[in-house]
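In: next one to model:
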Amino acid sequence: GRSINPAKKHDADHGVSAGDTVYWREGQEKARCQSLATSLRDGEQAIMSSHIPPASTTQSRFHRRLRLIASLLAALFAVGSLTIAGGAHLENASQVAEFVVCDDPARQWTPAIDNSVIVWSDTRNGTDDIYGYDLDTRSELAICTAGSAQSEPDVSGDTVVWQDRRNSATGPDIYGYTISNRIEFAICTESHGQASPAIYGNYVVWQDSRAGSNNQDIYGYDLNTRTEFPISTAEKSQVGPAISGSIVVWIDYRHEPNPLSCWPDCNTDIYGYDLSSATEFEICTEGHGQWYPVIDGDTVVWIDRRNGNSDVYAYDLVARREYPVCTEVHEQIGVSIDEQWIVWTDLRNGNNDLYAFQRSNGAETPLVTEAHLQFQQDIDGSRLVWTDLRNEVSPGSCSPHCNYDIYGATIQSMRTYLPVLTKGN
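Out: Sure, this is the predicted structure:
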């Protein structure tokens, strides 16, 4: 039940659109092909009869090419995928091929992915353990099955990190595991709680309660030098860190006057820290709540409440420019990012679906709209993973023991460009 199905192929706890896109799903391909065929025939007749004289045996190359373009335009209008950008870009469509990562009858959730390795939290042994799957070797591995609960895993290269409750008297700790040599190690077992770890390269970051549960801070650890260091110990709490390269980002409560009673209208902000220069900086301090930041390279994205509902916003660290990614009127909850895509959980269809924003051209597209919940997604390159409720027989009443599974997909982008015609060619 945990093998790849090739035909189907940062933690999201709870857009500038340049045009429509085509979302191919199983069972729809035949209908779309039929629509294309009909559009090619009908569209060509309509457009050609208006603009091109009857064909003759001496029809010019120009007219033959124009006939082809007319057919293509009619077909693209029929499937709703026409996008014109700068007079050149005609179509941007996404194909999504799903696969099952793990559908064990127990609960699998909070997946993370880096390159070919997927990790998640798994209750098949009675409590949460950490499991993984290698897409290249198609093999599953038990990473940590120690007593008590292990949760919120993250992975970078050969190293997995997670929140661990084996030392329950002192609160959760941060542990790590090297995949290649199967060695587990402690990262931080300080007497107060550590939670929500994230990793990039040799740096691990987490939220830390050693200054008090109402005054959490961000700490880090260098795996190469085996040294721990504070990142932000500002007043009130800093939580939910993420890291890419030398930049750490987090949710910050320093400007919220009532951090213990503000939910859901907290004035939380997004802050950042550059490990290379030891410099802290503001990313977004807009007066409403900003939540769950993630980062890839020079781009930070988060969930934003400034419009009265949850939207997706982004910030370019180099250009120092903020911009909306998706402000659709329904809720967007939880976001992930890589160099090609920004992906979020979206409630516009009445349940949790996965939508994406292609960073290269600003096109928004639905990725996974299966009837039940899809959430807690993570993405790396063209590979997407998420928590999925489709196999739960009682989805409305199963909590907290729902049959969550881990699914994945590969995303392929296709582009068609409008050729330039010159009469006589």
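In: how close does Gln150 get to Asp129?
Out: Counting by C-beta to C-beta, to the nearest Å, the separation of Gln150 from Asp129 is 6 Å. (Glycine included, C-beta is placed from N, CA and C.)
In: now the common contact residues for these two.
Out: Ser121, Cys144 (C-beta atoms under 8 Å, 6 or more residues apart in numbering).
In: and the residue nearest the centre of the chain, what element?
Out: In the chain, the residue lying closest to the centroid (C-alpha atoms, centre = their mean) is Ser336, at 3.0 Å. Here Ser336 sits within strand 332-337, counting by DSSP states H and E.
In: who does the helix or strand following that strand pair up with?
Out: Next in sequence after strand 332-337, counting helices and strands by DSSP H and E, comes strand 341-346. If you go by DSSP bridges, strand 341-346 pairs up with strand 332-337 (antiparallel), strand 353-358 (antiparallel).
In: okay, the ones you listed, which one's buried deepest?
Out: strand 332-337 (a mean of 26; mean count of other C-beta atoms under 10 Å).
In: identify the bridge partners of the nearest residue to Val335 once chain neighbours are set aside.
Out: Counting by C-beta to C-beta, 6 or more residues apart in numbering, Val335 lies nearest to Trp344, which is 4.3 Å off, once chain neighbours are set aside. When assigned by DSSP bridges, Trp344 has beta-bridge partners Val335, Tyr355.
In: how about the contacts made by Trp344?
Out: By C-beta under 8 Å, 6+ apart, the residues touching Trp344 are 12, 303, 312, 325-326, 332-336, 354-356, 377.
In: ok, so of these, who is nearest Thr227?
Out: Nearest to Thr227 out of the contacts of Trp344 is Ser336 (C-beta to C-beta; 29.1 Å).
In: relative to Ala409, how far out is the closest one?
Out: 13 Å.
In: same thing with Val117?
Out: Distance, Val117 to Ala409, using C-beta to C-beta: 16 Å.
In: how about Asp380?
Out: 12 Å.
In: check Pro172 too.
Out: In this view, Pro172 and Ala409 are 31 Å apart by C-beta to C-beta.
In: and what of Tyr323?
Out: 26 Å.
In: between the two, which one's more packed in?
Out: Using other C-beta atoms under 10 Å as the criterion, Tyr323 and Ala409 rank with Ala409 on top: 22 against 13.
In: the more buried one falls within a strand, correct?
Out: Yes. The assignment for Ala409 (DSSP: H, G, I helix; E, B strand; the rest coil) places it in a strand.
In: need the contact list for it.
Out: Lys9, Val96, Ala97, Glu98, Phe99, Leu367, Val368, Arg383, Leu384, Val385.
In: do Gly287 as well
Out: Asn267, Arg306.
In: how about it, secondary structure?
Out: Under three-state DSSP, the three-state class of Gly287 is coil.
In: next, give phi and psi for it.
Out: Backbone torsions of Gly287, given as degrees, to the nearest 10, read phi -70, psi -10.
In: what about it, distance to Cys266?
Out: Look at Gly287 and Cys266: by C-beta to C-beta, they are 11 Å apart.
In: just Leu373 next, same as before
Out: Taking C-beta to C-beta as the measure, Leu373 falls 25 Å from Cys266.
In: what's the closest non-adjacent residue to Cys262?
Out: Glu256 is the one closest to Cys262 (C-beta to C-beta, 6+ apart), at 5.5 Å.
In: what's the answer for Thr285, then?
Out: Nearest residue to Thr285 in three dimensions, chain neighbours excluded: Asp269, at 4.5 Å (C-beta to C-beta, 6+ apart).
In: so the one you found touches Glu282, yeah?
Out: Yes. Taking contacts as C-beta atoms under 8 Å, Asp269 lies within contact range of Glu282: 7.0 Å.
In: so which of these two has more stuff around it?
Out: Between Asp269 and Glu282, counted using other C-beta under 10 Å, the more crowded position is Asp269 (24 against 12).
In: who's that one bridged to?
Out: Asp252.
In: and the strands in the stretch 51-200 of the chain?
Out: In the stretch 51-200 of the chain, strands defined by DSSP state E, counting those that start in this stretch lie at 82-85, 89-102, 108-114, 117-122, 129-134, 139-144, 150-156, 159-164, 173-178, 183-188, 194-200, listed in chain order.
In: turn those into JSON lines, columns for distance to Ile231, mean pLDDT and mean neighbour count.
Out: Formatted as JSON lines, these follow (distance: least, C-beta to C-beta, whole Å; pLDDT from 0 to 100; neighbours: other C-beta atoms under 10 Å):
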{"stretch": "strand 82-85", "distance to Ile231": "40", "mean pLDDT": "36", "mean neighbour count": "15"}
{"stretch": "strand 89-102", "distance to Ile231": "32", "mean pLDDT": "72", "mean neighbour count": "20"}
{"stretch": "strand 108-114", "distance to Ile231": "20", "mean pLDDT": "98", "mean neighbour count": "26"}
{"stretch": "strand 117-122", "distance to Ile231": "23", "mean pLDDT": "98", "mean neighbour count": "27"}
{"stretch": "strand 129-134", "distance to Ile231": "24", "mean pLDDT": "98", "mean neighbour count": "24"}
{"stretch": "strand 139-144", "distance to Ile231": "25", "mean pLDDT": "98", "mean neighbour count": "17"}
{"stretch": "strand 150-156", "distance to Ile231": "16", "mean pLDDT": "98", "mean neighbour count": "25"}
{"stretch": "strand 159-164", "distance to Ile231": "16", "mean pLDDT": "98", "mean neighbour count": "26"}
{"stretch": "strand 173-178", "distance to Ile231": "14", "mean pLDDT": "98", "mean neighbour count": "23"}
{"stretch": "strand 183-188", "distance to Ile231": "13", "mean pLDDT": "98", "mean neighbour count": "15"}
{"stretch": "strand 194-200", "distance to Ile231": "11", "mean pLDDT": "98", "mean neighbour count": "24"}
